[in-house]
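>>> The following comprises the amino acid sequence and a computationally predicted model.
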Amino acid sequence: MYEAMKLVAKKRKIKASPQHDLYKRVDPYFFNVFYNAQNKDDLKTENVNICLDIGLKYCRFDELRFGIINPENDYRFTDKIRANSLIKCPSNFPRMTIPFGIDCSEKGLERLCEDILDYIENFYTNLFEEVKEKYGSLEEYYIANSEEFPLLAGLVYIERKQYYKAETCFRNPNMPGRNMFVSCKAVTDEQKRRLEASGNRNLYRSDASTLLDYTIAMQKGLEWRRDLANFGLLPEERQ
């Protein structure tokens with residue numbers, strides 16, 4: 001299926017990876033979709049259910065989020081990393097499963113891939129029409145739907161220096177990154193104090209907690225640096 005998708009996607013100037021990622025950069029936006037057959041045996045029948053994880057973000061959100069989690073780091077993002085990596089800024093809509101027809105002819109898989117890409121492109125077209133009509137911009141769309149997209153809405157607020165609103169977004173139970181951890185080995189007395197104050201005794205710190213602490217630090221006028229990102233804020237810094 002990847003080989004067929006690669007050929008079809010290339011005609012539309014869309015990149016396709018062996019990991020079943022489809023992605024395209026159209027500044028300032030980055031479009032990315034993970035696709036896969038829900039059951040590979042379905043490919044032998046007349047219908048197949050395709051799982052789609054459709055994502056949409058501003059390209060700059062990758063650098064913004066990663067720069068907060070890893071201050072003093074000038075990592076360079078490629079489009080492939082924006083699409084599929086542990087350090088990308090996640091931007092997926094709820095996963096959807098869509099039924100598609102398929103035949104077993106020589107061009108059957110290619111037609112299936114064409115249908116998948118048609119569906120994805122229609123999804124994005126309809127989304128941007130809704131954004132333009134109801135919200136004016138993708139930023140305002142994320143803010144209006146902050147319950148569904150707390151990370152992306154929070155990043156918009158950070159760019160606007162509205163840190164309290166960003167904090168509210170990052171406290172949302174739907175906030176991604178709660179299960180993404182970075183190993184932090186405390187060496188100095190200050191690092192050990194920060195780690196203990198954060199209630200983090202297992203030396204692991206989640207991306208979500210780091211982003212939340214950043215919004216608090218900005219409200220307090222603190223300088224954001226590596227120790228704060230890796231080990232958390234002290235009690236007096238949270239007051």
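Received, thanks.

>>> quick one: the strands in the protein?
With DSSP state E, the ranges of strands along the chain come out as 15-16, 21-26, 29-37, 47-58, 96-101, 181-183, 204-206.

>>> Lowest average pLDDT across the ones you listed?
Among these, strand 181-183 has the lowest mean pLDDT, at a mean of 64.

>>> From Glu63, how far off is the closest residue to Phe93 other than its chain neighbours?
Residue nearest to Phe93 in three dimensions, not counting chain neighbours: Ile54, with 5.1 Å by C-beta to C-beta, 6 or more residues apart in numbering. All C-beta atoms are positioned from the backbone trio N, CA, C, and that covers glycine. Going from Ile54 to Glu63 by C-beta to C-beta, to the nearest Å gives 22 Å.

>>> so where's this structure uncertain?
Confidence mapping of the chain against pLDDT under 70 gives the ranges 39-45, 178-183, 200-203.

>>> Name the residues of the longest helix anywhere in it that are buried.
Using DSSP state H to define each element, the chain has its longest helix at helix 108-130. Of all the residues in helix 108-130, those buried under the rule 16 or more other C-beta atoms under 10 Å are 109, 111-117, 119-120, 123-124.

>>> want to throw these into CSV with distance to Ser209?
Shown next, in CSV, are those (distance: C-beta to C-beta, whole Å):
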residue, distance to Ser209
Leu109, 44
Arg111, 47
Leu112, 42
Cys113, 40
Glu114, 44
Asp115, 42
Ile116, 37
Leu117, 38
Tyr119, 37
Ile120, 34
Phe123, 33
Tyr124, 32
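
>>> circling back: looking at Ile54 and Glu63, which one has more neighbours?
Ile54 (21 against 17; other C-beta atoms under 10 Å).

>>> Centroid-wise, who is the farthest residue in the protein?
Ser105 (36.9 Å; C-alpha atoms, centre = their mean).

>>> roughly how far apart are the residue nearest the centre of the chain and Ala144?
With distances taken as C-alpha atoms, centre = their mean, the residue of the chain nearest its centroid is Pro90 (0.8 Å). Pro90 is 19 Å from Ala144, where distance means C-beta to C-beta.

>>> same check, this time on Asp189
Where Ala144 is concerned, Asp189 sits at a distance of 45 Å (C-beta to C-beta).
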